[in-house]
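> Generate coordinates for the sequence data below:
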Amino acid sequence: MPPRRRTDPAAGRTAVAAWASGEAERRDVTTAVRYTLEELADQAPGNSVEVRVPPAGAVQAVAGPRHTRGTPPNVVETDPDTWLALATGVVTWVDAVADGRVRASGERSDISDLLPLTAVRQVASGGDGEP
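Next comes the predicted model:
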């Protein structure tokens, strides 16, 4: 079962649109990151990969073995702007990993097949974000 949403989807879509337009304030970026992380967890429920976007948030996603202590074996970490660029399709996973904007460790940490997030890409391109 995916985690309960803490970010109102309408507020999340608005924050993503603000980020995509280049007019986002820090609060908008944080809301957009949290919303997109929740979208990822909805799209790929599970606990085998931890996606970290400090300082805005983190989520566990992707089906597979669950870790219970310490650092998870599969971790993806990046900054807020890179995460939003990945989530919206502005940048590809391959490019972000190659130039060091994404640090991914563990055999399940390649989440390229989950990105961009469909509903988020629609918002960033001017759609309403509704599937």
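> Every contact and neighbour count from this point should use C-alpha atoms.
OK.
> Okay, now the unreliable bits of this structure?
Counting by pLDDT under 70, the chain shows low-confidence ranges at 1-4, 67, 122, 125, 127-131.
> Using the three-state scheme, assign the residue of it positioned farthest from its centre.
Here the centre of the chain is the reference, and by CA atoms, centre = their mean the most remote residue is residue 69, at 22.9 Å. Here residue 69 is coil, with the state taken from DSSP: H, G, I helix; E, B strand; the rest coil.
> Residue 55 versus that one, what's the distance?
21 Å (CA to CA, to the nearest Å).
> follow-up on the earlier one: distance of the residue farthest from the centre of the chain from residue 126?
The value you get for residue 69 to residue 126, if CA to CA is used, is 42 Å.
> Quick one: the strands in the protein, in order.
With DSSP state E as the criterion, the chain has strands at 49-53, 57-61, 75-78, 102-105.
> distance between the last one and the chain's centre?
For strand 102-105, the gap between its own C-alpha mean and the chain's C-alpha mean amounts to 13 Å (CA atoms, centre = their mean, to the nearest Å).
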